[in-house]
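**Student:** the following block contains a protein sequence and its predicted model.
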Amino acid sequence: MEVSLQHKHKHQEFICASISRPSSFLSPSSSASSLQSGPLVARFSADSHGPQLRFRHETESPASYTACICLRSAQLFRIGPTESMCVSEESGTDKTSEKSCSRAIAIGFSTEDESKAFHSAFDTWKNEVNGAESGAPLENGSLAVPKSKFDDKIEIASAKMYFHYYGQLLHQQNMLQDYVRTGTYYAAVIENRVDFLGRVVVDVGAGSGILSLFAAQAGAKHVYAVEASEMAEYARRLIAGNPSLGQRITVLKGKVEEVELPEKADILISEPMGTLLVNERMLETYVIARDRFLVHNGKMFPTMGRIHMAPFSDEFLFVEIANKALFWQQQNYYGVDLTPLYGSAFQGYFTQPVVDAFDPRLLVAPAIFHTLDFSCIKEEELYEVDIPLSFIASIGTRVHGLACWFDVLFNGSSVQRWLTTAPGAPTTHWYQLRCVLSQPIYVMAGQEIAGNLRMVAHSSQSYTLYLTMSAKMWGAGAEQGGMIQTSSCKLDLKEPYYRMSQPQAYAWAQDQQPHQMLNSQEMPLESEDVAGSGLTGLSLQNQGHQSN
Ligand SMILES: C[S@@+](CC[C@H](N)C(=O)[O-])C[C@H]1O[C@@H](n2cnc3c(N)ncnc32)[C@H](O)[C@@H]1O
């Protein structure tokens with residue numbers, strides 16, 4: 001749909017030294033990359049053809065032009081002090097195909113100052129296009145708004161808070177200080193140098209730019225660091241302050257769903273994991289980056305993730321949550337009877353998943369896991385994830401709910417490395433997550449616990465969780481497959497209860513021996529040997545998006 005744009009000047013002109021097509025964009029039949037040299041006029045304008053950047057020879061009339069770029073999809077990269085690259089997306093001219101392709105023009109300037117002035121004008125014109133397209137009121141009337149894939153599914157208010165959060169250094173520091181996390185990324189990159197050496201890398205959601213710098217340390221030919229929040233500016237500064245690496249890194253401020261890159265990537269690196277792996281819905285962004293930027297069979301760091309689940313028993317936690325609602329049992333609160341709201345308050349507290357580090361001995365059955373393969377999963381498959389549950393209880397106890405954690409694999413050519421958030425492993429800033437049932441169920445040792453965990457994405461960048469757990473009939477009559485008790489709950493992953501206790505030593509009843517709940521496949525060895533001690537003292541502020 002058309003968006004009108006009314007710049008305060010009708011056009012703006014600059015002199016540049018040359019324009020040419022970069023060789024990688026030339027068709028095989030092209031003989032020369034140069035389009036024009038000699039003094040050229042670059043003209044920004046907004047007319048009936050929309051907002052455009054046109055180039056013409058100084059001697060030609062303003063109506064004629066050598067090259068024309070639509071400003072709507074254009075991105076400008078500085079590739080040298082007096083050299084820049086302008087890339088735009090073009091729809092295919094072939095009517096039978098809806099495919100679009102990228103078009104690039106290298107622009108030369110005589111001086112650095114000319115280059116700076118041009119970039120500043122480009123940003124101004126681009127901002128005006130973006131302002132118009134995001135629905136900002138313009139003098140010439142109301143606007144139809146084309147939306148990106150991100151804007152289509154995420155509420156504006158949620159996205160605003162989300163990027164505001166990540167735009168602050170203190171929250172990036174929180175992630176950088178998770179040495180299990182950052183150390184494992186560092187080891188995964190450096191030990192798999194061969195996957196980065198001489199390669200083009202895209203850092204998906206670059207934040208401070210730390211992973212881009214790791215990729216450059218591993219010998220990447222060029223890294224495109226894409227970051228939507230104001231952190232992009234800090235990333236630029238950090239990268240400029242590390243010039244030997246920084247000269248191979250370009251920071252692009254924008255959403256992964258919207259920016260254009262001048263070339264395809266051989267490898268993607270990203271840290272898109274939220275609580276329970278999927279919180280924040282950034283995995284979708286990672287998968288979109290794969291489809292937009294990665295060459296066929298390119299690598300992804302991380303390559304896949306697994307959500308691990310096991311039933312747990314934790315009487316202290318259950319009582320703590322249930323007691324929170326006791327407030328509403330007061331019959332004389334300044335003369336008011338609060339009890340009509342007790343039931344709702346009680347249920348309300350159980351809609352909050354609990355985030356903390358717990359003792360793995362609280363698990364009452366070996367864990368199962370569900371795999372999300374980032375290299376092939378479709379974005380839409382992340383909108384709803386349905387996981388059947390089946391466990392065999394190791395002990396007779398009261399089951400209070402489902403404990404969950406995740407790990408991710410860096411499937412490098414030299415070394416396979418896992419980053420785990422398992423209970424009992426060095427604690428990360430993700431901790432673990434527990435869904436607590438308001439009605440616990442009783443099980444005997446050897447009894448099957450069946451159920452289902454359904455996670456449905458919502459537009460506030462998180463998920464609604466639907467959990468059902470049932471104790472299957474055991475002993476006589478079990479062959480009929482009946483359930484003895486079933487308990488269900490609905491939780492909002494966006495509203496967790498952050499309970500930052502240290503893992504506690506729990507006393508075991510005489511008939512309950514501590515047992516090994518993690519099977520050998522799940523033993524979190526890798527992160528331990530990289531990062532050393534855990535981070536149990538790490539603080540995690542309760543601000544809605546701290547889970548990453
Ligand atoms: C968990 S942080 C990781 C930052 C950094 N890569 C690191 O490992 O320290 C995720 C970053 O991705 C950015 N981000 C999330 N969704 C994005 C999107 N759709 N486009 C661009 N950046 C995005 C956030 O602003 C945030 O800075």
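**Tutor:** Great, that's in hand.

**Student:** residues in this protein within reach of the ligand, list them.
**Tutor:** Contacts of the chain with the ligand, taken as Cβ under 6 Å from any ligand atom, map to 150, 163, 166, 175, 205-208, 210-211, 226-229, 231, 255-257, 271, 282, 285, 548. No exception for glycine: its C-beta is placed from N, CA and C like everyone else's.

**Student:** burial measure for the nearest residue to Glu230 once chain neighbours are set aside, as a count.
**Tutor:** Among residues not flanking Glu230 along the chain, Gly167 sits closest, at 3.6 Å (Cβ to Cβ, 6 or more residues apart in numbering). The number of residues packed near Gly167 is 18, by other Cβ atoms under 10 Å.

**Student:** phi, psi for Gly167 please.
**Tutor:** phi -80, psi -10 (degrees, to the nearest 10).

**Student:** wait, it sits on Ala228?
**Tutor:** No. Assessed by Cβ atoms under 8 Å, Gly167 is found out of contact with Ala228, at 9.1 Å.

**Student:** now the helix or strand Tyr466 falls within: mean pLDDT?
**Tutor:** Under the criterion of DSSP states H and E, Tyr466 resides in strand 462-472. Here strand 462-472 scores 96 as its mean pLDDT.

**Student:** pairing partners for that strand, with directions?
**Tutor:** Using DSSP bridges, strand 462-472 pairs in its sheet with strand 448-458 (antiparallel), strand 483-492 (antiparallel).

**Student:** so for the shortest one, what gets flagged as buried?
**Tutor:** Judged by neighbour count using 16 or more other Cβ atoms under 10 Å, the buried positions of strand 483-492 are 484, 487, 489, 491.

**Student:** let's have these in CSV, adding pLDDT and distance to Tyr349.
**Tutor:** As requested, the buried residues of strand 483-492 are exported to CSV (pLDDT from 0 to 100; distance: Cβ to Cβ, whole Å):
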residue, pLDDT, distance to Tyr349
Ile484, 82, 26
Ser487, 97, 15
Cys489, 97, 11
Leu491, 98, 11
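
**Student:** who's in contact with the closest residue to the ligand within the stretch 351-500 of the chain?
**Tutor:** Closest to the ligand within the stretch 351-500 of the chain is Gln461: 8.7 Å, counting by Cβ to the nearest ligand atom. Gln461 is in contact with 154, 158-159, 162, 279-281, 494, 545, counting by Cβ atoms under 8 Å, 6 or more residues apart in numbering.

**Student:** can you rerun that using 10 Å?
**Tutor:** Residues counted as contacts of Gln461 (Cβ atoms under 10 Å, 6 or more residues apart in numbering) are 150, 153-155, 158-159, 161-162, 274, 279-282, 284, 493-494, 544-545.

**Student:** again, but for Cys16
**Tutor:** Cys16 touches 36-37, 39-42, 55, 82, 84, 107-110, 114-115, 118, counting by Cβ under 10 Å, 6+ apart.

**Student:** just the ones of those in strands?
**Tutor:** Among these, DSSP state E puts 36-37, 39-42, 55, 84, 107-108 in strands.

**Student:** and stretch 404-416, which residues are buried?
**Tutor:** 404-412.

**Student:** from the chain's centre, how far out does that stretch sit?
**Tutor:** Its chain's C-alpha centre and that of stretch 404-416 lie 17 Å apart, by Cα atoms, centre = their mean, to the nearest Å.

**Student:** number of nearby residues for the residue in the stretch 51-200 of the chain that the ligand sits nearest to?
**Tutor:** Closest approach between the stretch 51-200 of the chain and the ligand, counting by Cβ to the nearest ligand atom: Tyr166, at 3.3 Å. Tyr166 has 21 neighbouring residues, counting by other Cβ under 10 Å.
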